[in-house]
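Student: Fold the stuff below for me.
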Amino acid sequence: MSRRSGILEFAVLGLLRESPMHGYELRKRLNTSLGVFRAFSYGTLYPCLKTLVANGWLIEEPGNTPEDALAAPLSGRRAKIVYRLTAEGKEHFEDLLSQTGPDAYEDEHFAARFAFFGQTSRDVRMRVLEGRRSRLEERLEKMRASLARTRERLDDYTLELQRHGMESVEREVRWLNELIESERAGRDQQRPGPDGSAQQDSTSGESGGLPRPGDNPGPDPSDDTAT
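Tutor: Okay, here's the model as predicted:
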């Protein structure tokens, strides 16, 4: 199995865990919700669905809406098929969610994994985020070393392109740092309080308190009291 087909299977299972869908609905969700799949076709999706059905992770059911019932006699085509996750498929997807190996840190796979962080345990989220950060820090170090060696031989535009690439990686590292700190803060908040009251299990898929636009991560420099 290629890496890209593996990512697609993961994403399909994750979307179907939320609810059963037609192939058209799946493609739309993959296109709009997961940027990594913006340029793919039914010719890619349906072989993936057939494989998942053959593996016992999905089942095919006839559509049960009034529109589905009218589709076949009016168009001369068979009714739409709805794909539903089986118990084995759910178990397989949960196993995939728990994996934190090197593939989870790669660009496309990380984007797909992040899209389903709401279904992922906090400990796994932390390992994936920290692994991704480590991978990008290694990439950034190599980019800096390469730029230092070749700077004098590069024209202005090539040099600017390399700087742009480095800045993109640096921005993602800063973003990952914020996410990791938020996850840590969320985990700390879930620990039992001093009164011994029960707290939410830290292995749940609840958000660790992601930074939102407008959040103030520190003192306002314009505030006289901050100095």
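Student: I'd say Y105 and R135 touch.
Tutor: Yes - counting by CB atoms under 8 Å, R135 is a contact partner of Y105 at 4.3 Å. Using the backbone N, CA and C atoms, a C-beta is placed for each residue, glycine as well.
Student: Neighbour count: the two, which is higher?
Tutor: For the pair Y105 and R135, the greater number of neighbours falls to Y105 (21 against 17), based on other CB atoms under 10 Å.
Student: Please list all residues in contact with L15.
Tutor: 21, 26, 29-30, 33 (CB atoms under 8 Å, 6 or more residues apart in numbering).
Student: Tell me the first helix or strand C-terminal of the helix or strand of the chain with the lowest mean pLDDT.
Tutor: Every helix and strand of the chain was ranked by mean pLDDT, DSSP states H and E. The lowest is helix 66-75, at a mean of 50. Using DSSP states H and E, the helix or strand that follows helix 66-75 towards the C-terminus is strand 81-85.
Student: Which strands and helices lie in contact with the top helix by length along the chain?
Tutor: Longest among the helix segments of the chain by residue count, using DSSP state H, is helix 156-189. Contacts defined by 3 or more CB pairs under 8 Å, 6 or more residues apart in numbering; DSSP states H and E place helix 156-189 against helix 122-150.
Student: Report the angle between the helix it packs on and helix 156-189.
Tutor: On the basis of axes from the mean of the first three to the mean of the last three CA atoms, to 10 degrees, helix 122-150 is oriented at 160 degrees to helix 156-189.
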